[in-house]
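1. got a predicted model here, sequence first, then my questions.
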Amino acid sequence: MTSVLTRPSMSPARSRRHERGFWAIAVAFAVSLAFTVVPTPLWAIYQSHDGYSTIAVTVAFAAYAVGVIVSLFLAGHLSDRWGRRRVLLPAILLEAAAAALFLSSTSLGVVVVARVLSGLGIGMITATATAHLSELHATARPTAGRARADLVATVANLGGFAFGPLVAGVLAQYVTAPLRTPYAVFLVLLLLAAGAVALAPETVARPSVRQRYRPQRVAVPVAARPRYFAAGGGAFAALSVLGLFTSLAPAFVAGTLHHPSRVLAGLVASMVFASGAAAQVLLRREPVRRQVAGGLVLMTAGLFTVTAGVWAASLPVFLLGGVVAGGGAGALLKGAVSTVVDLAPPATRGEALAGVFLGGYLGLAVPVLGLGVATQFLPARVALLGFATAIVLVIGAVSRRLLRR
């Protein structure tokens, strides 16, 4: 069995190396996630420049989620055996390859392939980086608790999502070649991130005997599985809200609410993710149960406020709902991740986290796909009401097990 590298004593130089590695992985994690949402404010340009339909945008968005799901199922757990850095480095290079594809063409086929590649990379990065941060922190600060590692991992996650669309929106609004320049900028950042990861310490020892490959499975004690699956359901709900604001929300803003600014399209998504990151910071000292409870309440209130904003054609109400729902999603996602880290033993933590993120990325793809199809047959506000109702039902279903003492 693969084990986490441990040492009875650490020299100051070695502790500093793990501390630098901790922040290198955090930055690489944030940059990789930021890149995945670069297209958010650009979808409207693809529609006007290349004639993408709403369904085409939905398919291109969902292609990313499909890549993530496939990667999580096939490779998201491999860092428990192969090592964190050995999985992170090729995954970030996949993101760089996706950026190069975006630069090469704006045709739908190329964009879909680039999105799939990006999803494949993120499926390997998400759980691996989270586990790597926890282990680097434990080695750099052996007497400290786990709170800093949990906070940095979740803030890097949502902070990256907040950074990407804002930068892309500003570049698309004010520079030439709006469908090229954002990807060129992030290609450089991703290559720099890959270099930083290559220098970070490894925290997992390879097994002495080569193990047979198997796809993802849930590695959590049987008695803990009800809470584990509830945490996966919470991640499903949280990422469905975040998926809404990185796919179809810019279309609601430009169409139903009549605000076509590219900067605004990026800002809307950034506000939602920044709100999620802020909620994680504010709730970092609260018990996990309180984080989950706050997330569930805020997400429910925010979803219905967003829907009310669309029905009333009010941008301020829509933005308020997005901020509230984003805060709830951030709190719920942090609570879900912390719940799983508590349930899973260290040797299978990456595998357990991959499983909960698998549930989360199903939430990123399935509800948004349903919403995209529904808008072809129903008014946008009616389709959004159905989306909000479905997610609130999921919240209700998982709340009892997540909040159980």
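-> Great, that's in hand. Numbers count the residues shown, from 1 in each chain.
2. point out where the stretch 1-150 of the chain drops to low pLDDT.
-> 1-11 (pLDDT under 70).
3. where do the strands sit along the stretch 101-250 of the chain?
-> Ranges of strands within the stretch 101-250 of the chain are 204-205, based on DSSP state E, counting those that start in this stretch.
4. now the residue lying closest to Ala352 once chain neighbours are set aside: how far from Gly355?
-> Using C-beta to C-beta, 6 or more residues apart in numbering and skipping residues adjacent in sequence, the residue nearest Ala352 is Ala344, 3.5 Å away. Quick note: C-beta positions are derived from backbone N, CA and C, even for glycine. Distance from Ala344 to Gly355, counting by C-beta to C-beta, to the nearest Å: 9 Å.
5. next one: Arg289
-> Arg289 is 21 Å from Gly355, by C-beta to C-beta.
6. of the two, who's got more company?
-> Gly355 (28 against 14; other C-beta atoms under 10 Å).
7. quick one: buried residues of the helix or strand harbouring Gly370?
-> In this structure, Gly370 sits in helix 349-374 according to DSSP states H and E. For helix 349-374, the neighbour count (16 or more other C-beta atoms under 10 Å) marks 349-372, 374 as buried.
8. any idea of the mean pLDDT for it?
-> Mean per-residue pLDDT for helix 349-374: 82.
9. equivalent analysis for stretch 379-396, please.
-> 91.
10. CA atoms only for that stretch, dumped as CSV, please.
-> Only the C-alpha atoms of stretch 379-396 are listed here, as CSV (Å, rounded to 0.1, in the frame of the first residue of the first chain):
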residue,chain,number,x,y,z
PRO,A,379,-39.1,31.0,-21.5
ALA,A,380,-35.7,31.5,-19.8
ARG,A,381,-37.3,32.6,-16.5
VAL,A,382,-39.5,29.5,-16.3
ALA,A,383,-36.5,27.2,-17.1
LEU,A,384,-34.4,29.0,-14.4
LEU,A,385,-37.3,28.5,-11.9
GLY,A,386,-37.3,24.8,-12.6
PHE,A,387,-33.5,24.7,-12.2
ALA,A,388,-33.6,26.5,-8.8
THR,A,389,-36.4,24.2,-7.6
ALA,A,390,-34.5,21.0,-8.5
ILE,A,391,-31.3,22.2,-6.7
VAL,A,392,-33.3,23.1,-3.6
LEU,A,393,-34.8,19.6,-3.6
VAL,A,394,-31.2,18.2,-3.6
ILE,A,395,-30.3,20.5,-0.7
GLY,A,396,-33.3,19.2,1.2
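11. give me the buried positions along it.
-> 380-381, 383-385, 387-388, 390-392, 394-395.
12. one more: stretch 35-52?
-> Applying 16+ other C-beta under 10 Å to stretch 35-52 flags 35-47, 52 as buried.
13. and the residues you listed, which two are furthest apart?
-> Phe35 and Gln47 (21.2 Å; C-beta to C-beta).
14. contact partners for Ser105?
-> Val111 (C-beta atoms under 8 Å, 6 or more residues apart in numbering).
15. among the buried residues of stretch 379-396, which pair sits farthest apart?
-> Farthest pair in those, by C-beta to C-beta: Ala380 and Ile395, 22.5 Å.
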